[in-house]
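S.K.: task: produce atomic coordinates for the following.
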Amino acid sequence: MPARWCFLVLTLAAASASAQLSIEITGAGAQRTPIAVAPFAGENTLAPSLSAIIRSDLERSGLFRILEVPLLQPALTEASALNYAEWRARLADALVVGSLVALPGGRFETRVRVDDTVKQARLGAVALPTTREAVRAVGHRAADYVYEKLTGEKGVFSTLIAYVVKRGNAYELQIADADGMGDQTILKSYEPIISPAWSPDGRRIAYVSFENKKPVVYVHSIQDAKRTVAANFRGSNSAPAWSPDGSRLAVTLSREGGSQIFVMAPNGSGLRRLTTSQAIDTEPRYSPDGRWIYFTSDRGGTPQIYRMSATGGEPQRITFEGSYNVTPRPSPDGKTLAYIARNGGKFQVAILDLANRQVQVITDSDRDESPSFAPNGRMILLATVVNGRGVLSAVSSDGRVKQRLTTTSGDVREPAWGPFID
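M.R.: Down below sits the predicted model:
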């Protein structure tokens, strides 16, 4: 059964040297919009290629089919007059063109333009400041811009993900770009690290570390690597979850006997108990509007998902299908709930529509854990086991788009998708 529910130490297989996550698309949406991303004028000045980053990001979303575009001479730029009929003949419904322009003082600017070739209309254009050190980051921002112009919703290519890797006898808490590139280790320990949770502003991560031979909740600053102890009470301290405004953490503590849910400030002050039961109450998670806390409890005899007011009160049972439902994760719009359901002996990600109570299982794997919504709600990151090895996967909220994120060797678990960062 999933490790979070039983507070088990991660039992990960030994891993070798560090490697970036690579993404394999294992299933794509049935209807993908064909688009062309032309090579950017001047992009060879800096590496990697801006247009290649944009193509890769859009392809990975599962919503677009990227058309092959030959090297054009002269290269198209955001100022070029476009022959829409030519691009329609190439079967492109949309076209992305742009340039990398050198400015005085060693500065650069990335210019991007998006056109609808069917309506023969410009959808928008943007200029993004660029440095030699941040080409990949700017490429992701450009892809976010294109994605928003084509879909009407914010892209998540410039967001970050966190996850835990086991390498030999060491555990590493890592962060990386949403495409798995640019990985950085922010904590290394010879004791397990579990339950990373991003603060709403993306500047801190709360997590549980066993480095003191017991589970302790820490809050870690991404910018300066400083960290503080949030919960180190008697017994177990686990499952941190941020309130939407970042002012509070919901945690599971056994300091008063049994596992119960408490709230407190991120520095550990103002501790207040929310649940009082003889059951195991754990895995709290705030609703996006901050009104509710969803959590897992076996108060009804089997693990199910409940919710209560964020200030406490009588819990309401949320899941009724099946005898095992854990790890609640509300969607960013608060309309659905992702969780892990035992389904025919398999542990899979299910989606519950909170309005009509319909449930859909969206993964086809056997041992899923730790679902985490992308901040636009389009994708869900999760951990699963393939051939006895922990890997990360991503699945669209409708189950149609599937991806697998792996390293060349090693075990990866405990994913958490970071928020939008302005």
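S.K.: so which strand or helix has residue 142?
M.R.: Using DSSP states H and E, residue 142 maps to helix 135-151.
S.K.: now that helix: mean pLDDT?
M.R.: Averaging pLDDT along helix 135-151 gives 98.
S.K.: now swap in stretch 211-225 and tell me
M.R.: For stretch 211-225, the per-residue pLDDT averages 95.
S.K.: residues making contact with that stretch?
M.R.: If you take CB atoms under 8 Å, 6 or more residues apart in numbering as the criterion, stretch 211-225 is touched by 7, 173, 175, 186-187, 189-191, 194, 199, 202-210, 226-232, 236-238, 240, 249, 251, 266-267. Any C-beta I mention is one placed from the backbone N, CA and C, and that applies to glycine too.
S.K.: buried residues, that stretch. List them.
M.R.: Using 16 or more other CB atoms under 10 Å as the test for burial, stretch 211-225 gives 215, 216, 217, 218, 219, 220, 222.
S.K.: TSV for the residues you listed, including secondary structure and distance to residue 74?
M.R.: Putting these into TSV (DSSP: H, G, I helix; E, B strand; the rest coil; distance: CB to CB, whole Å) gives the following:
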residue	secondary structure	distance to residue 74
215	coil	61
216	strand	60
217	strand	58
218	strand	55
219	strand	53
220	strand	49
222	coil	42
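S.K.: in JSON lines: the residues you listed, plus distance to residue 362.
M.R.: Shown next, in JSON lines, are the buried residues of stretch 211-225 (distance: CB to CB, whole Å):
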{"residue": "215", "distance to residue 362": "30"}
{"residue": "216", "distance to residue 362": "34"}
{"residue": "217", "distance to residue 362": "30"}
{"residue": "218", "distance to residue 362": "32"}
{"residue": "219", "distance to residue 362": "32"}
{"residue": "220", "distance to residue 362": "31"}
{"residue": "222", "distance to residue 362": "30"}
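S.K.: show me what secondary structure element comes after the lowest-mean-pLDDT helix or strand in the chain.
M.R.: Ranked by mean pLDDT, DSSP states H and E, the weakest helix or strand in the chain is helix 3-6, scoring a mean of 33. Next helix or strand after helix 3-6 toward the C-terminus (DSSP H and E): strand 22-27.
S.K.: give me the contacts around that following strand.
M.R.: Contacts of strand 22-27 (CB under 8 Å, 6+ apart): 59-60, 62, 179-180, 394, 400-408.
S.K.: now do it, average pLDDT.
M.R.: Mean predicted lDDT for strand 22-27 stands at 74.
S.K.: what are the pairing partners of it, and which direction each?
M.R.: Next to strand 22-27 in the sheet, as set by DSSP bridges, lie strand 402-406 (antiparallel).
S.K.: got a list of contacts for the partner strand?
M.R.: Contacts of strand 402-406 (CB under 8 Å, 6+ apart): 21-27, 60, 62, 180, 363, 386, 391-396, 412.
S.K.: of the contacts of strand 22-27, buried ones?
M.R.: Here, 16+ other CB under 10 Å leaves 59-60, 62, 179-180, 394, 401-407 buried among the contacts of strand 22-27.
S.K.: out of these, the closest to residue 155 would be?
M.R.: Among the buried ones among the contacts of strand 22-27, residue 60 lies closest to residue 155 (CB to CB), at 10.8 Å.
S.K.: quick check: the closest one vs residue 248, distance?
M.R.: Using CB to CB, to the nearest Å, residue 60 is found at 34 Å from residue 248.
S.K.: before we move on, the earlier item: of the buried ones among the contacts of strand 22-27, closest to residue 76?
M.R.: residue 59 (19.9 Å).
S.K.: got the phi/psi numbers for the closest one?
M.R.: Reported as degrees, to the nearest 10, the phi and psi values for residue 59 are phi -60, psi -40.
S.K.: who are the contact partners of the residue lying closest to residue 319 once chain neighbours are set aside?
M.R.: Leaving aside its sequence neighbours, residue 319 sits nearest to residue 325 (CB to CB, 6 or more residues apart in numbering; 4.0 Å). Residue 325 sits next to 296, 303, 304, 305, 319, 339, 340, 341, 342, 350 when contact means CB under 8 Å, 6+ apart.
S.K.: sort out for me which of those are in strands.
M.R.: Within those, residues falling in strands by DSSP state E are 296, 304, 305, 339, 340, 341, 342, 350.
S.K.: for the first one, name its beta-bridge partners.
M.R.: Assessed by DSSP bridges, residue 296 has beta-bridge partners residue 282, residue 305.
S.K.: what residues are up against it?
M.R.: Contacts of residue 296 (CB under 8 Å, 6+ apart): 5, 280-283, 303-306, 325-328.
S.K.: and the residues you listed, which is closest to residue 73?
M.R.: residue 327 (53.7 Å).
S.K.: mind listing the strands for the stretch 151-300 of the chain?
M.R.: 160-167, 170-177, 184-189, 193-198, 204-209, 216-221, 227-231, 237-242, 249-253, 260-264, 272-273, 281-286, 292-297 (DSSP state E, counting those that start in this stretch).
S.K.: among the ones you listed, single out whichever gets nearest to residue 128.
M.R.: strand 170-177 (16.2 Å).
S.K.: residues making contact with the closest one?
M.R.: 10, 18, 20-21, 136-137, 140, 157-158, 160-166, 182-193, 196, 205, 207, 220, 222, 418.
S.K.: same check, this time on stretch 149-158
M.R.: Under CB under 8 Å, 6+ apart, the answer for stretch 149-158 is 33, 35, 57, 61, 63-64, 94, 114, 123-124, 137, 140-141, 143-148, 177-179, 374-376, 378-379, 417, 420-421.
S.K.: for residue 302, phi and psi?
M.R.: phi -130, psi 160.
S.K.: what's around it, how many residues?
M.R.: Neighbours of residue 302 under the rule other CB atoms under 10 Å: 13.
S.K.: re the thing from before, from the ones in strands among the contacts of residue 325, which is closest to residue 333?
M.R.: Distances from residue 333 to those, taken by CB to CB, are shortest for residue 339, at 16.4 Å.
S.K.: low-confidence regions, this structure specifically.
M.R.: Residue ranges of the chain with pLDDT under 70: 1-19, 29-30, 408-409.
S.K.: tell me how far the most centrally placed residue in the chain lies from residue 27.
M.R.: Central residue check for the chain by CA atoms, centre = their mean: the C-alpha nearest the mean position is that of residue 417, 2.2 Å away. Applying CB to CB, the value for residue 417 to residue 27 is 19 Å.
S.K.: what of residue 123?
M.R.: Counting by CB to CB - residue 123 and residue 27 are separated by 28 Å.
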